[in-house]
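Novice: What follows is a predicted protein model with its sequence.
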Amino acid sequence: MTVTLGFDVEEFDFPLERGRKIDFDTQLAVSTEGLEFLLQLLARLGLRATFYTTANFALHRPELIRRIVTGGHEVASHDYYHGLTAGADPAGSKQALEKLTGQTVTGYRAPRLAAVSAATLATAGYKYDSSINPTWIPTRYNNLRAPRSVSHRDGLAIYPVSVSAPFRVPLFWISLHVMPLPLYKQLCRSALHRDGHLNLYFHPWEFSGRLKDPAFGVPGYLSHCSGPALQNKFTRLLEWLKSRGCRFTTTREYLGCDE
């Protein structure tokens, strides 16, 4: 049983999406706080993960990106910018991240799991895309007919994020905030038994202790379990998965894109 942890490393622009003002330095600081926690936790538990990083964040926090690389993790692309008004630039992001890390970037995840042409990503040199959530989320997307396991399109591996079985309950970041941990574990167990792997994703900013700041406008269903509370819950989840004998690896390695 394999677990691929994915972290979408981005500018904390969540307040902007809700009509709140937040300066860029604060956006970086909130995400940096959560990323520091995650790097320390993964090092302590001896786990590897994939960090889908915007080029914008990476260029402003290059020392953290280098720590990701030296920690044995994978740096993948989360496009160039994360903002709602930003145009997609997967090729530019790949180029910037490769120049910074000195490594080939093979993976991509679109901001907000937006649809991106597989042919476009393949032309840019990517080997896999992990932008599909194979479930239905009202007002966002309906991917109930999408494959829940690895498929291929235009020479690109499509690696969906995990959902439960047999019903496709999303196991994405919001679920960990709102579900009791025993229930979330049960749903993870069902996905592991059905698919043989778990592809979970979160954001570093979720683990910041600042999400309860009213100025950010983060809704209560997220902020009530954030910061230290979410850190503890997430730690217990990883320790449980590890105790079950799960193998944690990078997405690039799991999909064979290192070969």
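Specialist: Everything's here; your move. Numbering: from 1, shown residues only.

Novice: Buried residues of the longest helix anywhere in the chain, list them for me.
Specialist: Longest helix in the chain, counting residues (DSSP state H): helix 24-45. Buried residues in helix 24-45, counted by 16 or more other CB atoms under 10 Å: 26-28, 30-35, 37-39, 41-42. Quick note: C-beta positions are derived from backbone N, CA and C, even for glycine.

Novice: Same check on stretch 186-195?
Specialist: Quick answer for stretch 186-195 (16+ other CB under 10 Å): 187-192, 195.

Novice: residues in contact with it?
Specialist: With CB atoms under 8 Å, 6 or more residues apart in numbering as the test, stretch 186-195 has contacts from 1, 148-149, 162-166, 169, 171, 175, 179, 198, 200, 237, 241, 246.

Novice: For those, which PyMOL command selects only the ones that are buried?
Specialist: Filtering the contacts of stretch 186-195 down to the buried ones (16+ other CB under 10 Å) takes a single PyMOL command:
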select buried, resi 148+162+163+164+165+169+171+175+179+198+200+237+241+246
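
Novice: mind listing which of the buried residues of stretch 186-195 are in strands?
Specialist: In strands, judged by DSSP state E, none of the buried residues of stretch 186-195 are found.

Novice: Switch the residues you listed over to JSON lines; also include pLDDT.
Specialist: As requested, these are exported to JSON lines (pLDDT from 0 to 100):
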{"residue": "Leu187", "pLDDT": "98"}
{"residue": "Cys188", "pLDDT": "98"}
{"residue": "Arg189", "pLDDT": "97"}
{"residue": "Ser190", "pLDDT": "97"}
{"residue": "Ala191", "pLDDT": "97"}
{"residue": "Leu192", "pLDDT": "97"}
{"residue": "Asp195", "pLDDT": "95"}
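
Novice: out of those, who's nearest Leu121?
Specialist: Proximity of the buried residues of stretch 186-195 to Leu121 (CB to CB) peaks at Asp195, which lies at 22.8 Å.

Novice: From Leu45, how far out is the closest one?
Specialist: The gap separating Asp195 from Leu45 is 23 Å, by CB to CB, to the nearest Å.

Novice: before we move on, what about Val75?
Specialist: 20 Å.

Novice: just His152 next, same as before
Specialist: His152 sits 32 Å away from Leu45, taking CB to CB as the criterion.

Novice: What ranges does the chain have for its strands?
Specialist: 2-9, 50-53, 74-77, 107-108, 128-129, 136-137, 141-142, 151-153, 156-158, 197-202, 247-248.

Novice: what residue ranges in the chain score low on pLDDT?
Specialist: Along the chain, the model assigns pLDDT under 70 to residues 84-85, 259.

Novice: all helices of it, in order?
Specialist: Here the chain has its helices, by DSSP H, at 14-17, 24-45, 55-60, 62-70, 90-101, 118-124, 173-178, 181-195, 220-223, 227-243, 251-254.

Novice: which residues sit against the second one?
Specialist: By CB under 8 Å, 6+ apart, the residues outside helix 24-45 that reach it are 5, 7, 9-13, 48-49, 57, 60-61, 64, 67-68, 71, 73, 203-211, 231, 234-235, 238-239, 242.

Novice: for stretch 152-170, the distance to its chain's centre please.
Specialist: Computed by CA atoms, centre = their mean, to the nearest Å, the separation of stretch 152-170 from the middle of its chain amounts to 14 Å.

Novice: Check stretch 185-202 too.
Specialist: Centre-to-centre, stretch 185-202 and its host chain are 15 Å apart (CA atoms, centre = their mean).

Novice: and what of stretch 90-104?
Specialist: Mean-position distance between stretch 90-104 and its chain equals 18 Å (CA atoms, centre = their mean).
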